[in-house]
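# Sequence and predicted structure are below.
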Amino acid sequence: MTGGELWIAREDLGLGRAELATMLNVTPAAVAAWEQGKSHVPHRVTDAIRDLMAGRGAAVTDLVAELRAMADPQVVIFWKPDAVPPGRDGAVRYGFGWWRQVVREARKQVPETRVGSPEEIAFIRSENPDSRHLSRDEEIPKE
């Protein structure tokens, strides 16, 4: 993998340099050096990026199936760990930017999907009782 390919892959995954550096147990400066071609991208980094991409692909596939099973498709976006309901562990493990990329890709396949904060989705559901459905976001934590 070249530095440019790493840069594109990192952005495609919705990760900042600091987030990727933390995942790889390196410094953000190391990630910047790879991306700018100042040093070679280690094979372990290439493998890690492939694993992240595969994980995102699986998460998109799962989310698309879940959304298509809903009468009124809805999904919550998160920005802090305590707001993530059970079953959305990838959002914590890979980062919230990664989760937004998963949602963005899934929404391309199910464009009628409503996307919002836990509070916004709870409001939508309260306004439209018919939108109730079984999903991993069903138990929305209170703040």
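Received, thanks.
# Near Asp72, how many other residues are there?
Counted by other CB atoms under 10 Å, the residues lying close to Asp72 total 15. C-beta coordinates here come from the backbone N, C-alpha and C atoms, glycine included.
# is it true that it touches Asn128?
Yes: under the criterion of CB atoms under 8 Å, Asp72 makes contact with Asn128 at 6.8 Å.
# The one helix or strand in the chain whose mean pLDDT sits lowest: how far from the chain's middle?
For the chain, using mean pLDDT, DSSP states H and E, the weakest element among its helices and strands is helix 89-94, scoring a mean of 80. Taking the mean of its C-alpha atoms, helix 89-94 sits 7 Å from the chain's own mean (CA atoms, centre = their mean, to the nearest Å).
# pull the CA atoms of it into PDB?
Coordinates of each C-alpha in helix 89-94 appear next as PDB, following Å, rounded to 0.1, in the frame of the first residue of the first chain:
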ATOM      1  CA  ASP A  89     -19.900  -1.900  19.200                       C
ATOM      2  CA  GLY A  90     -18.200  -1.000  16.000                       C
ATOM      3  CA  ALA A  91     -19.000   2.600  16.600                       C
ATOM      4  CA  VAL A  92     -16.900   2.500  19.800                       C
ATOM      5  CA  ARG A  93     -14.300   0.100  18.600                       C
ATOM      6  CA  TYR A  94     -13.500   1.900  15.200                       C
END
